[in-house]
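Novice: can't give you the sequence, but here's the structure:
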């Protein structure tokens with residue numbers, strides 16, 4: 001996830017800053033003006049060609065007389081590259097914002113729990129922090145259960161146990177389903193942007209990286225192409241009294257030296273993220289959607305505790321944890337160690353047996369302390 005909502009956002013933001021500096025501090029375009037043009041005429045020409053777009057004709061081809069033929073390879077994107085890069089950064093940040101927004105209504109402060117667990121690996125009061133996290137999760141699991149177990153709720157619970165559907169706050173798989181959905185969103189963002197850039201850049205961007213790879217494999221340098229041309233042509237008209245004079249000038253798009261390298265990296269970055277996000281999404285589906293995977297994971301940790309108990313009691317404990325409870329424990333394990341998660345599960349097991357049955361009345365003082373922790 002950090003590759004998407006942290007590193008991708010950071011990289012595209014830096015790229016946008018580089019291009020902005022080149023456009024507004026440097027000279028992004030230089031045009032070869034006619035000899036009779038003054039400096040002010042040349043400045044106007046460059047400003048006009050920057051705003052009104054240019055077109056690309058290879059040097060070994062004659063410039064067509066028809067205007068429509070000239071405009072077949074029109075280069076339109078270069079003034080908008082900073083906004084395009086900011087848009088890419090925003091797209092990768094959006095799923096994380098959705099996660100933070102919806103995660104806030106789940107009743108559990110996941111980031112605070114993980115932060116406390118990370119501190120417990122080095123803190124002198126490690127035992128107290130482990131107990132506090134276990135108590136917090138225990139109270140949250142208890143109070144997140146429905147007070148009324150009607151037919152509709154049982155139907156939702158049965159469906160959720162197989163596919164981790166999100167039926168709203170309070171269902172047994174809301175956080176897990178949300179997590180899998182966010183993983184899928186990251187995958188969709190990476191794949192969609194790869195194809196969307198075809199339209200935004202007005203080029204066949206999808207195969208651009210393969211062409212670059214082919215050149216590198218064959219030991220060839222990147223040749224100038226219509227995708228990111230460095231030398232383009234620009235047509236403009238100047239009114240002189242009753243006459244309209246048409247000029248065609250040749251322009252050097254120095255900013256495309258940066259744009260070309262940036263979008264080469266962007267292509268490989270989007271392809272890599274698409275593959276990694278697909279793997280992450282499938283792994284999440286396997287780990288959290290399949291009941292056998294969830295039960296195998298929690299059973300492995302429970303067997304390692306070497307606590308003698310009837311299988312019926314263990315099944316009740318697994319049911320008490322639920323899909324979201326097991327998901328949070330695995331999330332904690334990913335951010336700590338096996339020893340830490342084993343201690344937390346052991347403490348949850350102790351609290352479960354101390355309560356005796358799921359429907360017992362919780363301690364009010366502990367519940368108030370849990371609420372304070374959630375809102376910190």
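Specialist: Sure, I can see it. Bear in mind that the values here come from a model prediction, so they are computed numbers and not experimental data.
Novice: so how far is stretch 64-72 from its chain's centroid?
Specialist: Offset of stretch 64-72 from its chain centre (CA atoms, centre = their mean, to the nearest Å): 41 Å.
Novice: avg pLDDT for that stretch?
Specialist: Per-residue pLDDT over stretch 64-72 has a mean of 75.
Novice: repeat that for stretch 184-199.
Specialist: Here the average pLDDT along stretch 184-199 is 94.
Novice: one more: stretch 352-369?
Specialist: Rounded mean pLDDT across stretch 352-369 is 53.
Novice: check stretch 16-28 too.
Specialist: The pLDDT scores in stretch 16-28 average 88.
Novice: go through it and flag the buried ones.
Specialist: Neighbour-count burial for stretch 16-28 flags 16, 18, 19, 22, 23, 28 (criterion: 16 or more other CB atoms under 10 Å). C-beta coordinates here come from the backbone N, C-alpha and C atoms, glycine included.
Novice: ok, of these, which one's closest to residue 103?
Specialist: Residue 103 lies nearest to residue 16 out of the buried residues of stretch 16-28, by CB to CB, at 28.2 Å.
Novice: and the pLDDT for the closest residue to the closest one other than its chain neighbours?
Specialist: With sequence-adjacent residues excluded and distances taken as CB to CB, 6 or more residues apart in numbering, residue 16 is closest to residue 85, at 3.9 Å. Here, the pLDDT recorded for residue 85 equals 96.
Novice: would you check that residue 85 makes contact with residue 265?
Specialist: No - taking contacts as CB atoms under 8 Å, residue 85 lies outside contact range of residue 265: 11.2 Å.
Novice: more crowded one of those two?
Specialist: Legend: neighbour count by other CB atoms under 10 Å for residue 85 and residue 265, higher for residue 85 (24 against 13).
Novice: and the pLDDT for residue 103?
Specialist: For residue 103, the model assigns a pLDDT of 78.
Novice: what is the neighbour count of the residue nearest to it when sequence neighbours are not counted?
Specialist: The shortest distance from residue 103 to any non-neighbouring residue, by CB to CB, 6+ apart, is to residue 110 (6.1 Å). Using other CB under 10 Å, residue 110 has 18 neighbouring residues.
Novice: quick one, phi/psi of residue 110?
Specialist: Dihedral pair for residue 110: phi -60, psi -40, per degrees, to the nearest 10.
Novice: surely it is in contact with residue 329?
Specialist: No - using CB under 8 Å, residue 110 is not in contact with residue 329; the gap is 11.7 Å.
Novice: in this protein, which helix is the longest?
Specialist: helix 255-284 (DSSP state H).
Novice: other SSEs contacting it?
Specialist: helix 9-24, helix 81-103, helix 174-200, helix 208-217 (3 or more CB pairs under 8 Å, 6 or more residues apart in numbering; DSSP states H and E).
Novice: hang on, the earlier thing: so who does the residue nearest to residue 16 touch?
Specialist: Taking CB atoms under 8 Å, 6 or more residues apart in numbering as the contact definition, residue 85 lies against 12, 13, 15, 16, 19, 262.
Novice: how does it look with 7 Å?
Specialist: 12, 15, 16, 19 (CB atoms under 7 Å, 6 or more residues apart in numbering).
Novice: how about residue 238?
Specialist: Neighbour list for residue 238: 245, 247 [criterion: CB under 7 Å, 6+ apart].
Novice: ok, residue 204 next?
Specialist: By CB under 7 Å, 6+ apart, the residues touching residue 204 are residue 198.
Novice: what's the neighbour count on the residue nearest to residue 247 when sequence neighbours are not counted?
Specialist: In this structure, residue 247 finds its nearest non-sequential neighbour in residue 236, 5.8 Å apart by CB to CB, 6+ apart. Counted by other CB under 10 Å, the residues lying close to residue 236 total 15.
Novice: got the buried residues for stretch 30-42?
Specialist: Under 16+ other CB under 10 Å, the buried positions of stretch 30-42 are 31, 33, 37, 42.
Novice: could you list every residue that touches the closest residue to residue 281 other than its chain neighbours?
Specialist: Excluding the flanking residues, the one nearest residue 281 by CB to CB, 6+ apart is residue 183, at 4.3 Å. Residue 183 makes contact with 277, 280, 281, 284, according to CB under 7 Å, 6+ apart.
Novice: re the thing from before, following the longest helix of the chain in sequence, what is the next regular element?
Specialist: Using DSSP states H and E, the helix or strand that directly follows helix 255-284 along the chain is helix 291-304.
Novice: thought the residue nearest to residue 103 was touching residue 100?
Specialist: No - Residue 110 lies out of contact with residue 100 (CB atoms under 7 Å); the separation is 9.8 Å.
Novice: domains for the chain, by residue range?
Specialist: 2-93+189-279, 108-166+291-374 (automatic domain parsing).
Novice: relative to residue 174, which of those domains is closest?
Specialist: Ranking the domains of the chain by proximity to residue 174 (CB to CB) places domain 108-166+291-374 first, at 5.7 Å.
Novice: in terms of mean pLDDT, which of the domains of the chain ranks lowest?
Specialist: domain 108-166+291-374 (a mean of 73).
Novice: picking up where we left off before, would you mind finding the most buried of the helices and strands packed on helix 255-284?
Specialist: Highest mean neighbour count of the helices and strands packed on helix 255-284: helix 174-200, a mean of 20 (counted as mean count of other CB atoms under 10 Å).
Novice: what's across from residue 238 in the sheet?
Specialist: Per DSSP bridges, the residues bridged to residue 238 are residue 245.
Novice: from the contacts of residue 85, which single one is nearest residue 95?
Specialist: Within these, the smallest distance to residue 95 is 14.9 Å, found for residue 12 (CB to CB).
Novice: check contacts around the closest one.
Specialist: 85, 88, 89.
Novice: now it, nearest residue through space, not along the chain?
Specialist: For residue 12, ignoring the flanking residues on the chain, the nearest one in space by CB to CB, 6+ apart is residue 89 at 3.9 Å.
Novice: ok, that neighbour touching residue 10?
Specialist: No - applying CB under 7 Å as the test, residue 89 and residue 10 come out as separate, 8.1 Å apart.
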